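1. requesting a structural model of the entry that follows:
(chains A, B, C and D)
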4 protein chains.
Amino acid sequence: MPLTPEQEAEIAEQRAQTRPTLRAVAEGAERHLYIAHPVLDHGFVRMVDYMGDDAAICQAARVSYGRGTRSVQNDEGLIRYLMRHWHSTPFEMCEVKLHVKLPVFVARQWIRHRTANVNEYSARYSILDREFYIPEATHLAAQSTINNQGRGESLTEGEAARVLDWLREDAARAYDHYEAMISQEGQQGLARELARMNLPANIYTQWYWKVDLHNLFHFLRLRADSHAQYEIRVYAQAIARIVADWVPAAWGAFADYRLGGVTLSEKGVACLKRRLAGEVVTQEGSGMSKGEWREFVEIWGG
Amino acid sequence: MPLTPEQEAEIAEQRAQTRPTLRAVAEGAERHLYIAHPVLDHGFVRMVDYMGDDAAICQAARVSYGRGTRSVQNDEGLIRYLMRHWHSTPFEMCEVKLHVKLPVFVARQWIRHRTANVNEYSARYSILDREFYIPEATHLAAQSTINNQGRGESLTEGEAARVLDWLREDAARAYDHYEAMISQEGQQGLARELARMNLPANIYTQWYWKVDLHNLFHFLRLRADSHAQYEIRVYAQAIARIVADWVPAAWGAFADYRLGGVTLSEKGVACLKRRLAGEVVTQEGSGMSKGEWREFVEIWGG
Amino acid sequence: MPLTPEQEAEIAEQRAQTRPTLRAVAEGAERHLYIAHPVLDHGFVRMVDYMGDDAAICQAARVSYGRGTRSVQNDEGLIRYLMRHWHSTPFEMCEVKLHVKLPVFVARQWIRHRTANVNEYSARYSILDREFYIPEATHLAAQSTINNQGRGESLTEGEAARVLDWLREDAARAYDHYEAMISQEGQQGLARELARMNLPANIYTQWYWKVDLHNLFHFLRLRADSHAQYEIRVYAQAIARIVADWVPAAWGAFADYRLGGVTLSEKGVACLKRRLAGEVVTQEGSGMSKGEWREFVEIWGG
Amino acid sequence: MPLTPEQEAEIAEQRAQTRPTLRAVAEGAERHLYIAHPVLDHGFVRMVDYMGDDAAICQAARVSYGRGTRSVQNDEGLIRYLMRHWHSTPFEMCEVKLHVKLPVFVARQWIRHRTANVNEYSARYSILDREFYIPEATHLAAQSTINNQGRGESLTEGEAARVLDWLREDAARAYDHYEAMISQEGQQGLARELARMNLPANIYTQWYWKVDLHNLFHFLRLRADSHAQYEIRVYAQAIARIVADWVPAAWGAFADYRLGGVTLSEKGVACLKRRLAGEVVTQEGSGMSKGEWREFVEIWGG
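-> Take a look at the predicted model:
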């Protein structure tokens, strides 16, 4: 269970009282505010603040004074135009702040997206909780034989059980020793900043992460992708559902032009044009490498 | 006058209706929302959105679930601690969006602060208005003789009048020709992206500028400083007044530790320690250059 | 003529003497170093320093100790793989520093790319030169009637002549008054930071601009594009030629996957698949807007 | 031992041959290139590339064509002026690329400095080595009782021995299981991206880290500081020694104005002025909090 009763109570209290504001309010975002959407076995994503909505994107693109008398339909057309033509700055005018609880090895991938603001729980000041990510057996997969990076088939039952035992036992022992090292009962107690080094990468940490919509879309495009590691992808998917409710028009444009879209190389364009003209094109004739051709055929057929 | 009646009406409409939100609301910011604070002869600064408040800084620093039961006094102490020890990330958790109208030469200085989001009025799409910054005579100063960068004494009345005539006439003529070039009456009409090159740097532009509080403080420290050019300083001061109402505790810490503070070099520290011990220290004995010594004496006396 | 004899001499001197280094040396870059490639009537681009080469991209991607024994062919394959799969960080390991002389209105577009380092010639300290961009008559185009942003047909000879006269006369007069205002002959002389406001946007400025290869590619993709304004596009093209010599493998991958590539929306993919299956698809049946359809047909035919 | 004989050979090979370049060459940097400076028990820092030198800072500040005929003394004066007046952009014109081997918990602190380029060894693709940071007994300290963040006294011998046993045993067991999980002998072998989660935070990773001099100074100011955790401070100090040789004038200015300097709050300035005037000021009379006063007295005496 990701949250304690006290934490649940704090969240409930925050959702209990609205306040009047003159700012743009996105109804779809208000429905999510503060709620912890569970991810993995102990993690969550929750939106703790947001700035702007679909109309705010258009307002900035037009550098206008009010919210305008334009229809929602006009706004959607403008947003699709901006997305299609890579006008990224209007999307930067929306901002979201998330509170995320996640395993350390996921956090290490996540932080590679540098254009964001982060405040992480400090293991120099504070004591980490005894919470470790232990995958479900069905998510334990072998190293991919096609792709050096990624997973192949699921492990057999016996091998999976062995893995899970190790993960559980090693985490428990590491945490026992962490506690024993920092304990001040009958000893001085090791500094927290040192003791934490004994903890494995599946321990949970948490942070406040604030990012603008353009950079969030970039994160989602890479991390909600099927090539992303499963454990970060589920976070990206949880965020995606929040974003879809918060800024539905921007999300729609993103889903069409980026998530569902395809980028063709010059060679790929030439190949498709020849096919459209009725020609049969082979890998050799395409100028593409075997890897490129395999990826091309996955989408366009052989 | 910076705003047309239509623009005033749009702003009034935005201020007329509040909506309920679950987000943190900063009363001091709500009082400013949408209102155009006049700056220079045709410019303004207006806050069009904000995220967070003083408590949000502490919430992120503590990575906490709710807004906490801590007192305002505890929050202020934490904020001062964070500012004093250069913990900048919690201040990045607040964000503000400003709509600014400003002369192009001010915009060119401003944009050097890169960690912000900007949408500027496009002179490729749209026609710029006939509005130019013409300084008040009292702000027309001679080149500084001490400082290569900056202003010295005010110009005499006659010289100032001559300058103002040139500024007014050249701006008017440049704009007449701009209009004549893009006009489609009896001719094709030059593309806007080309015609704009005839306009001088005192023409007004406008943009939406969104920035986090940490980077805004950095902007204010450099641009509200007495060494900054007057024309950008008045914008920084207008923004400072908004910020002081929005996040009073963070502003207080910033004013004490940064704006009102002083940075001493190692040589400056050594010099002050010798003085505290009763020694008389001269420039030669201080190890400082003449420039450094002059700046040191300005603060600490000779 | 963009350079004075003194400047030419300084550049010749820099090119006259090599020094030994242990760093990676890119022969293609060395050929360009310091040379001012002319752009527009008074502008130029010149590479003044660089870090890294194609092999450095691979070295960082592999986090390896030496330059490796891998063949150039392997490196090229890896670089293409990285580009195709949006692994941007290895490209950030190359850096280039350019000295650019450009009209102010071009500089204003350019600076919107924020992930770069810039030092611009200061018109607060220094006096700007009497150099203005005056377009060639053939580049004077009317406002586009299809695209709100951009140019249409060339102006007729008479209209073009009128435009050029205004541009020349207004620039000359503005500069005369700029000089007269800052002059200290028989008067105090207006501060430079104020006098500059009289100068039009076609005056030349210059800066040192330093950027990593990933962000430079992003700049080139947007600014070497046919939709970019001609006056910035020619700078992007001049830079592109330098980059192609500096990091030929990275340039090749960029040219194939980005410059010559095409991004299809989900609707565009569906439409192409139907066409490949022999179906005739109309705009109505495609789900695309008229604008999208027009852009789609430009590439794929009607 | 941080390096294998093969790695040593690769480095020796890189240092064996110089190549001619037209670029600025910093002799002090050339002496360090590629050499692995040991840090902690298995880590190192080595400079693998650099761009610019002290003169390049001045060249960009002056936006000049050549390297100038200015003396080294003039350059140093300009560099000190730039540092004193917070002109950060000229320092951004120098860039350095480091190859660093470091424990994961140090990497997690380090990466919070976002304005840098990073390529880390991927534990999704590759297998991590069996190398863990085990502190020297003298560096095992108790949690500080004054400062929530940081270390107090050294542990007693017995307690230290117990800690070291746990650290060694848990690391060894975790790595044994990591190896057993990914092994493909007689089983499928767990995907590397999953198996790595069992490894503790004292395992070593490595990365290429590229940063400009301004941001590197910011990193050094925070991480070479006595309040920084020992394990990152030793990396900062190793880098500092390289920088001091690479750009001696910039380093000198940084050491005087930042590292050795002191920032006083407005209250601190007022208090010192009263003292200089002969007054005795107490904490109560100073307006400072107890924490501020303690920090003030540490520098200026009670």
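2. any weak-confidence spans in chain A?
-> Judged against pLDDT under 70, the low-scoring parts of chain A cover residues A:1, A:67-70, A:147-149.
3. what about the strands in it?
-> Taking DSSP state E as the test, the strands found in chain A are A:19-21, A:37-39, A:43-51, A:95-103, A:117-120, A:141-143, A:151-154, A:204-212, A:262-264.
4. partner strands of the fourth one and their direction?
-> What that stands for is strand A:95-103. For strand A:95-103, the pairing partners within the sheet under DSSP bridges are strand A:43-51 (antiparallel), strand A:204-212 (antiparallel).
5. hang on, the earlier thing: mean neighbour count added to the strands of chain A, as CSV?
-> In short, each C-beta sits where N, CA and C put it, glycine included. Listed next are the strands of chain A as CSV, based on neighbours: other Cβ atoms under 10 Å in any protein chain shown:
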stretch, mean neighbour count
strand A:19-21, 15
strand A:37-39, 18
strand A:43-51, 25
strand A:95-103, 24
strand A:117-120, 23
strand A:141-143, 21
strand A:151-154, 16
strand A:204-212, 24
strand A:262-264, 18
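6. export the ones you listed to CSV and tack on distance to C:Ala26?
-> Shown next, in CSV, are the strands of chain A (distance: least, Cβ to Cβ, whole Å):
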stretch, distance to C:Ala26
strand A:19-21, 55
strand A:37-39, 45
strand A:43-51, 44
strand A:95-103, 40
strand A:117-120, 36
strand A:141-143, 37
strand A:151-154, 38
strand A:204-212, 35
strand A:262-264, 28
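7. so which residue is smack in the middle of chain A?
-> Centroid-nearest residue in chain A: A:Ala236, 2.6 Å away (criterion: Cα atoms, centre = their mean).
8. check the gap between that residue and A:Val247 for me.
-> A:Ala236 is 16 Å from A:Val247, where distance means Cβ to Cβ, to the nearest Å.
9. which positions in the stretch 151-300 of chain A make contact with chain D?
-> By the rule Cβ under 8 Å from any Cβ of the partner chain, the part of the stretch 151-300 of chain A lying against chain D is A:151-153, A:155-156, A:159, A:163, A:166-167, A:170-171, A:173-174, A:177, A:180-182, A:184, A:187-194, A:196-202, A:229.
10. 7 Å - rerun?
-> Counting by Cβ under 7 Å from any Cβ of the partner chain, the stretch 151-300 of chain A comes close to chain D at A:151, A:153, A:155-156, A:159, A:163, A:166-167, A:170, A:173-174, A:177, A:181-182, A:187-194, A:196-202, A:229.
11. any part of stretch A:240-251 near chain B?
-> No. Taking Cβ under 7 Å from any Cβ as the criterion, stretch A:240-251 and chain B are apart, separated by no less than 12.2 Å.
12. centre of the chain versus that stretch, how much separation?
-> Averaging C-alpha positions (Cα atoms, centre = their mean, to the nearest Å) puts stretch A:240-251 14 Å from its chain's average.
13. need the CA coordinates for it. PDB is fine.
-> Taking Å, rounded to 0.1, in the frame of the first residue of the first chain, the C-alpha atoms of stretch A:240-251 are listed here in PDB:
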ATOM      1  CA  ALA A 240      -0.400  10.500 -19.700                       C
ATOM      2  CA  ARG A 241      -3.800   9.800 -18.400                       C
ATOM      3  CA  ILE A 242      -3.700  12.900 -16.100                       C
ATOM      4  CA  VAL A 243      -2.400  15.000 -19.000                       C
ATOM      5  CA  ALA A 244      -5.200  13.800 -21.300                       C
ATOM      6  CA  ASP A 245      -7.800  15.100 -18.800                       C
ATOM      7  CA  TRP A 246      -5.900  18.300 -18.000                       C
ATOM      8  CA  VAL A 247      -5.300  19.600 -21.600                       C
ATOM      9  CA  PRO A 248      -7.400  17.400 -23.900                       C
ATOM     10  CA  ALA A 249      -6.700  19.300 -27.100                       C
ATOM     11  CA  ALA A 250      -3.000  19.400 -26.600                       C
ATOM     12  CA  TRP A 251      -3.000  15.800 -25.700                       C
END
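14. what comes up buried for it?
-> Judged by neighbour count (16 or more other Cβ atoms under 10 Å in any protein chain shown), stretch A:240-251 contains these buried residues: A:240, A:242-243, A:245-251.
15. okay if I get those residues as CSV plus distance to A:Arg23?
-> As requested, these are arranged in CSV below (distance: Cβ to Cβ, whole Å):
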residue, distance to A:Arg23
A:Ala240, 24
A:Ile242, 19
A:Val243, 19
A:Asp245, 18
A:Trp246, 14
A:Val247, 15
A:Pro248, 19
A:Ala249, 19
A:Ala250, 18
A:Trp251, 20
